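Student: One predicted model, sequence on top.
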Amino acid sequence: MAVATAAAVLAALGGAGTRVQRLRRGGDPGLMHGKTVLITGANSGLGRATAAELLRLGARVIMGCRDRARAEEAASQLRRELRQAAECGPEPGVSGAGELIVRELDLASLRSVRAFCQEMLQEEPRLDVLINNAGIFQCPYMKTEDGFEMQFGVNHLGHFLLTNLLLGLLKSSAPSRIVVVSSKLYKYGDINFDDLNSEQSYNKSFCYSRSKLANILFTRELARRLEGTNVTVNVLHPGIVRTNLGRHIHIPLLVKPLFNLVSWAFFKTPVEGAQTSIYLASSPEVEGVSGRYFGDCKEEELLPKAMDESVARKLWDISEVMVGLLK
Ligand SMILES: NC(=O)c1ccc[n+]([C@@H]2O[C@H](COP(=O)([O-])OP(=O)(O)OC[C@H]3O[C@@H](n4cnc5c(N)ncnc54)[C@H](O)[C@@H]3O)[C@@H](O)[C@H]2O)c1
């Protein structure tokens, strides 16, 4: 029973059969100097690890976070860690580390996304990389401020509006990149256009998978629309990573020690899990590459349902209406 529960959680987080690879690809120090990067959900887990590395590479990193106090705390800690690393140096690149800025962004509120983007457009002269990283996983049925099912609303619709409102800035900063964090669990999702808000029935695993399939369809449709602009967009799965993403999953007390053991042994650390985001955001190897799906810093194949152009277009059109970009 305990083993079954642990296996189910493992499968739910990363997709059964995922081979955990522990790899690191360091970027050259200074690689991101002069570049501005926006990371959503950057105060914890993968987003925090991505922010730390891009900061070390010299980027100006904007943390788009829901809870300003928690994000400021994470930012202070990141700055402290960087200073300590420099003092213990000789760590090349640390002395040329970038800047860290916190801005408030709640992806469960279209009002907040709009206010955030307005502030960005007024105060930031450029945006070189946008990393759509924030996510919510298998929560009980909840709605966003605008009445959307929470996982679809945050993971897909919030980022859909954010990206569209920042596209002008990304284009004027080109060559620029958009990186979308999806999950292998997209495989179990489907876009049910008749019930995108899951009002008829709600299955929390299925809805997470749907939102992550939407991330991929969005990426591919956006790549098509951005052809010839020098703005690229790619999507990734990070593998199974030891973060707080599973906060809504109830693990029985008796099973917890086993789960902790399994996650310690088999899950990636956030630093390991963040490598593909960092790679897509910064590596010269992917200059000009767009519309592709990556895992462990390598391109991977997608299931046909994630490559269906007519579904991608329909999802785009409906999303435009849902977030109020088209009346
Ligand atoms: N951890 C894994 O095993 C795993 C596997 C596959 C995909 N992912 C994806 O990786 C991404 C990062 O997740 P993580 O594992 O680092 O988990 P995490 O919980 O540590 O990070 C998620 C971040 O998203 C933020 N967030 C949630 N709702 C938000 C909202 N309404 N507005 C703004 N920010 C919000 C959280 O505050 C948090 O900072 C997610 O998109 C997740 O779906 C993770």
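Tutor: Received it, and whenever you're ready, just let me know what you need.
Student: can you tell me how far the residue of the stretch 51-200 of the chain found nearest the ligand sits from Gln151?
Tutor: Across the stretch 51-200 of the chain, the shortest distance to the ligand (C-beta to the nearest ligand atom) belongs to Gly135, at 2.4 Å. Bear in mind the C-beta positions are built from the backbone N, C-alpha and C, glycine included. As for Gly135, its distance to Gln151 is 8 Å (criterion: C-beta to C-beta, to the nearest Å).
Student: go on, Ile191?
Tutor: Ile191 sits 13 Å away from Gln151, going by C-beta to C-beta.
Student: and if you look at Arg80?
Tutor: 34 Å.
Student: tell me the secondary structure for Leu38?
Tutor: Assigned with DSSP: H, G, I helix; E, B strand; the rest coil, Leu38 falls in the strand class.
Student: hmm, back to that, the more surrounded of Ile191 and Gln151?
Tutor: A count of neighbours by other C-beta atoms under 10 Å puts Gln151 above the other of Ile191 and Gln151, at 29 against 19.
Student: quick one: low-confidence parts of this protein?
Tutor: Scanning the chain for pLDDT under 70 picks out the ranges 1-29, 88-96, 327.
Student: For Phe137, which residues are in contact?
Tutor: Phe137 is in contact with 13, 151, 208, 245-249, counting by C-beta atoms under 8 Å, 6 or more residues apart in numbering.
Student: Which secondary structure element is home to it?
Tutor: Counting by DSSP states H and E, no helix or strand carries Phe137.
Student: where do the strands sit along the stretch 151-300 of the chain?
Tutor: For the stretch 151-300 of the chain, the strands defined by DSSP state E, counting those that start in this stretch cover 176-181, 231-237, 293-295, 298-299.
Student: Wondering if the first one reaches the ligand at all.
Tutor: Yes - using C-beta under 6 Å from any ligand atom as the criterion, contacts between strand 176-181 and the ligand involve Val181.
Student: Neighbours of the nearest residue to Phe218 once chain neighbours are set aside, how many?
Tutor: Nearest non-adjacent residue to Phe218, counting by C-beta to C-beta, 6 or more residues apart in numbering: Phe160, 6.2 Å away. Applying other C-beta under 10 Å, we find 25 residues neighbouring Phe160.
Student: now swap in Asp190 and tell me
Tutor: The tally of other residues near Asp190 (other C-beta under 10 Å) stands at 12.
Student: ok, now Ala108?
Tutor: Using other C-beta under 10 Å, Ala108 is surrounded by 20 other residues.
Student: Might you report the residue contacts of it?
Tutor: Contact analysis of Ala108 by C-beta under 8 Å, 6+ apart lists 66, 144-145, 150, 153-154, 158.
Student: which of those residues are buried?
Tutor: 66, 144, 150, 153-154, 158 (16 or more other C-beta atoms under 10 Å).
Student: Among those, which one sits closest to Leu107?
Tutor: Proximity of the buried ones among the contacts of Ala108 to Leu107 (C-beta to C-beta) peaks at Gly158, which lies at 2.9 Å.
Student: Give the closest residue to the closest one in space, chain neighbours not counted.
Tutor: Sequence neighbours aside, Leu107 is the residue nearest to Gly158 in space, at 2.9 Å (criterion: C-beta to C-beta, 6+ apart).
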